[in-house]
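Q: based on what follows, work out the 3D shape:
(2 chains)
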Amino acid sequence: MADEKVLTNGQTRRAEFVIEAIVRVLGFSAIGFVTLIFLFLLREGVPAFLEIAPGNLLGSRWYPTFGLFGMLPLILGSLLVTVTAIIIALPLGVATAVFVREVAPNWARGVLKPMIEVLAGIPSVVLGFFGMTLVAPLIRQRLGTPTGLTAFTGAVILAYMSLPTIISVAEDALDAVPKSYRDGARAMGATEWQTIWRVVVPAARSGVVTAVMLGLGRAIGETMAVMLVTGNAARMPLTLDSLFRPARTMTATVAAEMGEVAQGSVHYHVLFGIGLILFILTFAINLTAAVAIFQKRRRGGLR
Amino acid sequence: MNGLVGKTRCRLHRVTPSRLLLVAGLFVLLVSWSLVGCAGTGQQTGTEEGAAQAIENKGSDTLVNLALAWAETYMDQHPDVRISVTGGGSGTGIAALINGTVDLANASRQMKLEEVEAAEANGTTPIEFVVARDAIAVVVHPSNPVETLTFQQIADIYTGRITNWEEVGGDDRPIVLLSRESNSGTYVYFLENVVREGQGDDQALFSPGTLLMPSSEGISAEVTENPNAIGYDGLGYVTPEQKVVAVSDDPEGPFVLPSVATVNDGSYPIARPLFMYTAGEPKGLIATYLDWIRGDGQRLVPELGFVPLE
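A: Numbers count the residues shown, from 1 in each chain, chains lettered A, B, ... in the order given. The predicted model follows:
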């Protein structure tokens, strides 16, 4: 503090300039890195789509050591696990956000918010191990599935992992609803519940959509926990009971096989091809989220 | 990461300078650290003579515990030698040997033709050494009444023709197939020497419903916990909580349980050699170390559940 007072106007300005320059370089380098990563993925991944017959790529059998590169079970596996995770996490997340933001007394909010942020910091491998040793046996015994390592187990763990994201973003959205909306609703005789459910939550709808999109992005890219609990069997999830059977996701496939693959081989390119598909999927999801945020800003945080 | 995106959006205006400075600081640290790291490795490869007392050893996860035991014992006897051992899988170790980043690659399978070609394209000829042998045990839950399985039955189970334990003399339960990931040397050996052998079909593949576990621990956890499960793994990884099944490649028997004795007398049918590869004929310390492994070092082998060379 004392030092700051001694600084002359000119020094402050110079310091300001340096800091601004650093920030600018860092900002642009982030864009540069993403572009380079994308180019790298393209360079390594595109050959896969040229080397392998489309019929093989769209087949239902993933058996890369013997030249069967059917990606459908992996893509469908990822979608099954991710979408189920969001279906579980959405109501829980939005309800928690509403509770923290609208219902909980101040002291409880002070405890809950940091706790939720701690939840986001649990390493995924810890959650995966927890899922493998505790959740999976429970699911096998309670639901009577042949094994507890199922798509559903993965979805439960993923839902738990995407909850902090959904809660924080949804809470921000609720926070952005002007006080006048609540006052207006109360003035018209609405109960607290009616105010929350009919006025505040609908007003924050686009923010909730953003929350879901970001949670989805988090879930589809998650690897370690999913690899430990889904059983990694590359079967087509087409039957009704598929949710309670093992599944193999794209991320787990890349993680499990990349370490062993001969560099430059077809298998190597296919794994990068899967990375490319994942990249495009997450990009699309985040873009949707960004559009939702943009629309919200334009409308002053409201619909 | 996406969580942060959401959160920072709202707080950015309050904490921008300090947070960005922190990020900038971390970034600078990271960059300088990685530069120093590069300089460090550059130096190591530069002074080939000085590094003669260090051995880099990498590869098969099956072999990693044994390789560690060898390295530790050898370093105790020769305090001036440094041996670093890492796992990652047979292919990882072989790739590192081809790229010249390790001196010794551990492998639970033989090098593939394309890998030998890649090494030769890089100007080295890999030399193979058998360092120990390993039995692959077929394991089930301790409560499973099944005691014996023929190759034929194992093949039918793993290709998905038999899906209930009742068909092989067990309880009326679905069979849950466990396997290592397809990058594992154990997996390749089991597929080629048990499943295809038993099926009499050299194109047979594992059933799509097979659970591919990322580690040996994954297999033992599921076999210990799930009465429906069947798995296979190196004898060194079998814990007392799993039940080992006696196997036979002949439908008439005899059925044999895996052990050092049954592997050595050749009666246990699922046993394989474990390899170390060097880039070119080993010289100096590496040659001495390999001689020691194949000589004195063999007494460590049974302690880790593997079978020593005769």
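
Q: right, is the top helix by length along chain A up against chain B?
A: In chain A, with assignment by DSSP state H, the single longest helix is helix A:9-51. Yes - on the criterion C-beta under 8 Å from any C-beta of the partner chain, helix A:9-51 is in touch with chain B at A:Ile19, A:Ile22, A:Val23, A:Leu26. (Glycine included, C-beta is placed from N, CA and C.)

Q: same check on stretch A:88-98?
A: No - applying C-beta under 8 Å from any C-beta, one finds stretch A:88-98 separated from chain B by no less than 11.4 Å.

Q: can you map out the strands along the chain?
A: Answering for chain A, as no chain was given. Using DSSP state E, the strands of chain A run over residues A:62-63, A:68-69.

Q: ah, no, chain B please
A: So, for chain B - with DSSP E - the strands run B:54-59, B:82-86, B:104-107, B:126-140, B:148-150, B:176-180, B:211-213, B:229-234, B:243-248, B:271-279.

Q: and the residue positioned nearest the centre of chain B, what pLDDT?
A: Centroid-nearest residue in chain B: B:Asp61, 2.7 Å away (criterion: C-alpha atoms, centre = their mean). According to the prediction, B:Asp61 has pLDDT 82.

Q: state the phi and psi torsions of the closest residue to it other than its chain neighbours.
A: Nearest non-adjacent residue to B:Asp61, counting by C-beta to C-beta, 6 or more residues apart in numbering or on different chains: B:Gly87, 4.6 Å away. Main-chain dihedrals, B:Gly87, degrees, to the nearest 10: phi -100, psi -140.

Q: how many other residues sit next to B:Gly87?
A: 19 (other C-beta atoms under 10 Å in any protein chain shown).

Q: quick check: B:Ile162 vs chain A, distance?
A: According to C-beta to the nearest C-beta, to the nearest Å, B:Ile162 stands 14 Å off from chain A.

Q: so how far is B:Ser182 from that residue?
A: B:Ile162 sits 22 Å away from B:Ser182, going by C-beta to C-beta, to the nearest Å.

Q: comparing these two, which residue is more hemmed in?
A: Set B:Ile162 next to B:Ser182 and count neighbours by other C-beta under 10 Å: B:Ser182 wins out with 23 against 17.

Q: all helices of chain B, in order?
A: B:2-46, B:64-77, B:90-98, B:113-121, B:151-158, B:185-190, B:196-199, B:216-225, B:260-264, B:284-294.

Q: buried residues in the shortest one?
A: What that stands for is helix B:196-199. B:Arg196, B:Glu197, B:Gly198, B:Gln199 (16 or more other C-beta atoms under 10 Å in any protein chain shown).

Q: tell me the pLDDT of the second one.
A: As summarised for this prediction, B:Glu197 has a pLDDT of 79.

Q: just the buried ones from the residues of helix A:9-51 next to chain B?
A: Of those, these count as buried by 16+ other C-beta under 10 Å: A:Ile22, A:Val23.

Q: nearest to A:Arg245, out of the residues of helix A:9-51 next to chain B: which one, please.
A: A:Leu26 (46.2 Å; C-beta to C-beta).

Q: could you measure that closest one against A:Val18, distance?
A: Shown here: A:Leu26 relative to A:Val18, a distance of 13 Å by C-beta to C-beta.

Q: do A:Phe279 as well
A: 35 Å.

Q: looking at the two, which is more packed in?
A: Each of A:Phe279 and A:Val18 has its neighbours counted (other C-beta under 10 Å); A:Phe279 has more, 18 against 10.

Q: and the spatially closest residue to the more buried one that is not a sequence neighbour, what pLDDT?
A: Leaving aside its chain neighbours, A:Phe279 sits nearest to A:Leu41 (5.8 Å; criterion: C-beta to C-beta, 6+ apart). A:Leu41 carries a pLDDT score of 91 in this model.

Q: what's near enough to touch A:Leu41?
A: A:Phe272, A:Gly275, A:Leu276, A:Phe279 (C-beta atoms under 8 Å, 6 or more residues apart in numbering or on different chains).

Q: for the second one, what are its contacts?
A: Taking C-beta under 8 Å, 6+ apart as the criterion, A:Gly275 is in contact with A:Leu41, A:Gly45, A:Val254.

Q: one more pass at 6 Å, please.
A: When contacts are counted by C-beta atoms under 6 Å, 6 or more residues apart in numbering or on different chains, A:Gly275 touches A:Leu41, A:Val254.

Q: near chain B, which residues of the stretch 51-200 of chain A are found?
A: A:Tyr63, A:Thr65, A:Ala120, A:Pro137, A:Pro146, A:Thr147, A:Leu149, A:Pro164, A:Thr165, A:Ser168, A:Val169, A:Asp172 (C-beta under 6 Å from any C-beta of the partner chain).

Q: quick one: contacts for the fifth one?
A: This means A:Pro146. B:Pro174, B:Val176, B:Asn228.

Q: keep only the residues you listed that also lie close to chain A.
A: Within these, those near chain A by C-beta under 6 Å from any C-beta are B:Pro174, B:Val176, B:Asn228.

Q: what about residue 138, neighbour count?
A: Picked chain A for this. So A:Leu138, with other C-beta under 10 Å, has 13 neighbours.

Q: let me rephrase: I mean chain B.
A: 24.

Q: off-centre distance for the longest helix of chain A?
A: Its chain's C-alpha centre and that of helix A:9-51 lie 23 Å apart, by C-alpha atoms, centre = their mean, to the nearest Å.

Q: show the pLDDT at the closest residue to B:Ala95 other than its chain neighbours.
A: Spatial nearest neighbour of B:Ala95, excluding adjacent residues (C-beta to C-beta, 6+ apart): A:Gln263 at 6.2 Å. A:Gln263 is assigned a predicted lDDT (pLDDT) of 73.

Q: where in the chain is pLDDT low?
A: Since you didn't name a chain, this refers to chain A. For chain A, applying pLDDT under 70 flags the ranges A:1-7, A:260, A:296-303.

Q: wrong one, chain B
A: Looking at chain B by pLDDT under 70, you get B:1-52, B:183.

Q: A:Tyr160: what's it in contact with?
A: Residues near A:Tyr160 by C-beta under 6 Å, 6+ apart: none.

Q: switch the cut-off to 10 Å
A: Contacts for A:Tyr160 were tallied using C-beta atoms under 10 Å, 6 or more residues apart in numbering or on different chains; they are A:Ala85, A:Ile88, A:Ala89, A:Leu92, A:Leu119, A:Ile122, A:Leu127, A:Phe130, A:Gly131, A:Val135, A:Ala225.

Q: picking up where we left off before, for B:Ile127, see how far away the residue nearest to B:Asp61 is.
A: Distance from B:Gly87 to B:Ile127, by C-beta to C-beta: 22 Å.

Q: burial count for B:Asp296?
A: Neighbour count of B:Asp296, defined by other C-beta under 10 Å: 13.

Q: tell me how far it lies from B:Leu274.
A: From B:Asp296 to B:Leu274 the distance is 17 Å (C-beta to C-beta).

Q: then A:Gly207?
A: 57 Å.

Q: sorry, back to before: make a markdown table out of the strands of chain B and add distance to B:Phe306.
A: Shown next, in a markdown table, are these (distance: least, C-beta to C-beta, whole Å):
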| stretch | distance to B:Phe306 |
| --- | --- |
| strand B:54-59 | 15 |
| strand B:82-86 | 15 |
| strand B:104-107 | 12 |
| strand B:126-140 | 5 |
| strand B:148-150 | 23 |
| strand B:176-180 | 17 |
| strand B:211-213 | 21 |
| strand B:229-234 | 8 |
| strand B:243-248 | 15 |
| strand B:271-279 | 7 |
